[in-house]
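Engineer: Quick one, structure for this:
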Amino acid sequence: MIYRVQLIKGLFRPNDRFYQLDHAEQFKGLWSRISLLIIMSTALYFLSGLLGIQSESVSAHLANINNAEFQGQKMWFMIGSTIWGFLYPLIILFLPALLFWIFLEIDFRKLVVLQSFVYVIYLIEFCLLILLNMTLAIPRDSSPFSLGVLAQYATKNELVTSFFSFITLFQIWAISLQYKFLTQSSAKSPRFVLLLILAVTLALWLFSTLFTSIQVGRLF
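Structural biologist: Sure thing, here's the model as predicted:
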């Protein structure tokens, strides 16, 4: 069976698309869709950096540096955001796929397709975060879609708050898609599959928390 990669239909008609994906032997449009995701991600993160979204680590140094230095740090922030927008989809697409392939013994190409659906969800969430920041000045930590708001009432620790800001409705959506396909395609027990998904997702949340918490002033 030839499987044509259609990312939007995969999100809203997962049962049909996952059945076809599970029985696929050849893939059409996979690498072009991956390239499109990388381009879209890079463009969105460039826009985010240009607008100064999530640039608190730069703004915190306003009182300590002159205008020329501040503009230079903003430029570095934008460049860093753009580079991250290029690298992040590569991490999300291939690292979980590699781990699932090792532990669940599913065709690697099918897992990359699955992670492509996941990254589309991440991009939808990121677009909403940009809109919230631009229109209502709401940062990621205070997103109404995440547990970051509740975490702010429980602790003043920025790392903890940042970590819980990555636990969102969109992440749950992505986990549910992964669980649906992996339990359908793997001979492993559903409990093992769920634990593997949660372990991989937790590691990505921790990594993202530490990465976004790096102070620009310590780097330049």
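
Engineer: Pull the number of nearby residues for residue 193.
Structural biologist: Residue 193 sits with 21 neighbouring residues when counted by other CB atoms under 10 Å. Placement of C-beta: from N, CA and C, glycine included.

Engineer: packing partners for whichever strand or helix holds it?
Structural biologist: If you go by DSSP states H and E, residue 193 is part of helix 190-212. On a contact count with 3 or more CB pairs under 8 Å, 6 or more residues apart in numbering; DSSP states H and E, helix 190-212 meets helix 67-104, helix 158-165, helix 169-185.

Engineer: Mind putting these into TSV with distance to residue 8?
Structural biologist: Formatted as TSV, those follow (distance: least, CB to CB, whole Å):
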stretch	distance to residue 8
helix 67-104	17
helix 158-165	26
helix 169-185	13
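
Engineer: Mean pLDDT, distance to residue 132 and mean neighbour count added to the ones you listed, as JSON lines?
Structural biologist: As requested, those are exported to JSON lines (pLDDT from 0 to 100; distance: least, CB to CB, whole Å; neighbours: other CB atoms under 10 Å):
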{"stretch": "helix 67-104", "mean pLDDT": "88", "distance to residue 132": "17", "mean neighbour count": "17"}
{"stretch": "helix 158-165", "mean pLDDT": "86", "distance to residue 132": "12", "mean neighbour count": "19"}
{"stretch": "helix 169-185", "mean pLDDT": "95", "distance to residue 132": "13", "mean neighbour count": "18"}
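
Engineer: can you pull the pLDDT of the residue nearest the centre of the chain?
Structural biologist: By CA atoms, centre = their mean, the chain has its centre lying nearest to residue 122, at 4.5 Å. Here, the pLDDT recorded for residue 122 equals 95.

Engineer: so residue 144, which of the three states?
Structural biologist: Secondary structure for residue 144, judged by DSSP: H, G, I helix; E, B strand; the rest coil, is coil.

Engineer: and it, what does it touch?
Structural biologist: 132, 138 (CB atoms under 8 Å, 6 or more residues apart in numbering).

Engineer: State the phi and psi torsions of residue 27.
Structural biologist: The phi/psi pair for residue 27 (degrees, to the nearest 10) reads phi -130, psi 140.

Engineer: same question, residue 186
Structural biologist: phi -110, psi 150.

Engineer: just checking, it touches residue 107?
Structural biologist: No - with contact defined as CB atoms under 8 Å, residue 186 does not count as touching residue 107 (11.0 Å).

Engineer: Much appreciated, bye for now.
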